[in-house]
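Chemist: just coords:
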């Protein structure tokens, strides 16, 4: 008899492929040395934080001995920090957001959990678009919901409006999207979002209750070739943007994120009160003090995007020279090539023989592909070139 809950015991038996490959990489590095293992498994940004982050830490340190420097505050964060965030998001989204429209959270993950706890009833559904970030299913089940997915169009990895419409049921409460997308790097266009919003408006009327659109956007700042992720907030009153500064400021361990409601939402006061409550009762209590000071001081900063752009080019050259099929990512720091031979798990194991770490597409609800995170030094990408080529040759020979 298990001493754990049935759900958690099942989760442990089906551990995340991302973490599984990361752990395998640790063993390989111990055996062969770090420089002889080419690890593309984890989206852990390696670039240093912008100078504004260090300055914010020094400024905060001067006040760290004052009373309540690390004390509690409102569950949604310091009012002054939310005011600065709202002003910054107003520029980013092209519409005015007020302090009443935003709440700070313990990373985007904390924000998503707080939001789902606020709106989901037991048995209601969250629809995701595959491939998707695997944690979405866990977040949904945390609050008694059911996570279901709809496959994107395989030729473009963009939303398939027809498939989405067929997937709706009266229990559908939230549609959860991610753009720029992890793992595909696709940036949804305004037309993509407009089609989705039209469907949500139709279904909301049909069901007599709003179907929420939640956009998870930690890579919003990171797009290439002039692509510009459009805002969902101006398109639909029940649109919510949830994000963090993990990638933008290279602060994944500091856990500071936010939830931004559409200014068009008439019930925003009620929803914001619920978010303050759920932020507390889920155990987050409030966002990190130091993280809020960093965020507020560095809102106009970001890591050097040119470095990621150069790595993207290097990875594309490496994969092309070895004969892989892939879509060039428009944003984020991932490639999602087709797995030679079609079996993504088997092919990732072939790469493992070359000490190249990737993640099977099955871990993102999309078998037949695999993910490569290029938030690594360009030398790692170049040094993996022969391994990529040999693994593909063995499978296709």
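Modeler: Looks like it arrived, so ask away. Every value quoted in this text rests on a predicted model; they were computed, and no experiment measured them.
Chemist: how deep is residue 396 tucked in, by neighbour count?
Modeler: As a burial measure, residue 396 scores 9 neighbours (other CB atoms under 10 Å). Quick note: C-beta positions are derived from backbone N, CA and C, even for glycine.
Chemist: Please tell me I have it right and it contacts residue 341.
Modeler: Yes - using CB atoms under 8 Å, residue 396 is in contact with residue 341, at 6.9 Å.
Chemist: So residue 276 sits against residue 75, correct?
Modeler: Yes - using CB under 8 Å, residue 276 is in contact with residue 75, at 4.4 Å.
Chemist: so where's this structure shaky on pLDDT?
Modeler: Applying pLDDT under 70 to the chain flags the ranges 1, 13-15.
Chemist: one more time with 90, if that's ok
Modeler: 1-36, 42-43, 154, 226-228, 397 (pLDDT under 90).
Chemist: Would you map the strands across the stretch 51-200 of the chain?
Modeler: In the stretch 51-200 of the chain, strands defined by DSSP state E, counting those that start in this stretch lie at 102-105, 125-130, 146-151, 172-178, listed in chain order.
Chemist: Distance to residue 161 added to these, as a markdown table?
Modeler: Below are those laid out as a markdown table (distance: least, CB to CB, whole Å):
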| stretch | distance to residue 161 |
| --- | --- |
| strand 102-105 | 30 |
| strand 125-130 | 11 |
| strand 146-151 | 10 |
| strand 172-178 | 11 |
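Chemist: what's the most buried one of the ones you listed?
Modeler: Neighbour counts (mean count of other CB atoms under 10 Å) averaged over each of these peak at strand 102-105, with a mean of 28.
Chemist: And what about residue 259, helix, strand or coil?
Modeler: When classified by DSSP: H, G, I helix; E, B strand; the rest coil, residue 259 comes out as strand.
Chemist: In the record's domain split, what are the boundaries for this protein?
Modeler: 6-49+303-396, 69-298 (automatic domain parsing).
Chemist: how about the helices in the protein?
Modeler: Secondary structure of the chain (DSSP state H): helices located at 6-13, 17-32, 51-61, 79-93, 107-119, 135-142, 161-167, 190-207, 268-281, 289-298, 305-321, 344-353, 378-383, 385-396.
Chemist: okay if I get these as JSON lines plus distance to residue 238?
Modeler: Formatted as JSON lines, the helices of the chain follow (distance: least, CB to CB, whole Å):
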{"stretch": "helix 6-13", "distance to residue 238": "29"}
{"stretch": "helix 17-32", "distance to residue 238": "31"}
{"stretch": "helix 51-61", "distance to residue 238": "34"}
{"stretch": "helix 79-93", "distance to residue 238": "16"}
{"stretch": "helix 107-119", "distance to residue 238": "9"}
{"stretch": "helix 135-142", "distance to residue 238": "17"}
{"stretch": "helix 161-167", "distance to residue 238": "16"}
{"stretch": "helix 190-207", "distance to residue 238": "7"}
{"stretch": "helix 268-281", "distance to residue 238": "9"}
{"stretch": "helix 289-298", "distance to residue 238": "26"}
{"stretch": "helix 305-321", "distance to residue 238": "32"}
{"stretch": "helix 344-353", "distance to residue 238": "35"}
{"stretch": "helix 378-383", "distance to residue 238": "41"}
{"stretch": "helix 385-396", "distance to residue 238": "44"}
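Chemist: for the ones you listed, which one sits closest to residue 243?
Modeler: helix 107-119 (5.5 Å; CB to CB).
Chemist: contacts for that closest one?
Modeler: Contact partners of helix 107-119, identified using CB atoms under 8 Å, 6 or more residues apart in numbering, comprise 103, 105, 126, 135-136, 139-140, 142-143, 145, 173-174, 176, 212, 214, 216-218, 240, 242-244, 246, 255-259, 271, 274-275, 277-279, 281-282, 284, 287.
Chemist: Residue 316 reaches residue 328, doesn't it?
Modeler: Yes - between residue 316 and residue 328 a contact is recorded at 6.2 Å, counting by CB under 8 Å.
Chemist: circling back to that earlier point, quick one: closest of the domains of the chain to residue 55.
Modeler: Of those, the one closest to residue 55 (CB to CB) turns out to be domain 69-298, at 6.7 Å.
Chemist: for that closest one, how far is the first residue from the last?
Modeler: Using CA to CA, to the nearest Å, the end-to-end distance of domain 69-298 comes to 19 Å.
Chemist: repeat for stretch 61-70
Modeler: Counting by CA to CA, you get 11 Å between the two ends of stretch 61-70.
Chemist: Name the residues that touch that stretch?
Modeler: 289-290.
Chemist: how about 10 Å then?
Modeler: For stretch 61-70, contacts defined as CB atoms under 10 Å, 6 or more residues apart in numbering pick out 57, 60, 288-290, 293.
Chemist: out of these, which are buried?
Modeler: For these, a neighbour count by 16 or more other CB atoms under 10 Å gives the buried set as 60, 288-290, 293.
Chemist: Which pair of these spans the longest distance?
Modeler: Pairwise distances across these (CB to CB) peak at 11.5 Å, for the pair 60 and 288.
Chemist: Quick check: the gap between the closest residue to residue 4 other than its chain neighbours and residue 368.
Modeler: Nearest residue to residue 4, sequence neighbours excluded (CB to CB, 6 or more residues apart in numbering): residue 12, at 7.4 Å. Per CB to CB, to the nearest Å, residue 12 is found 26 Å from residue 368.
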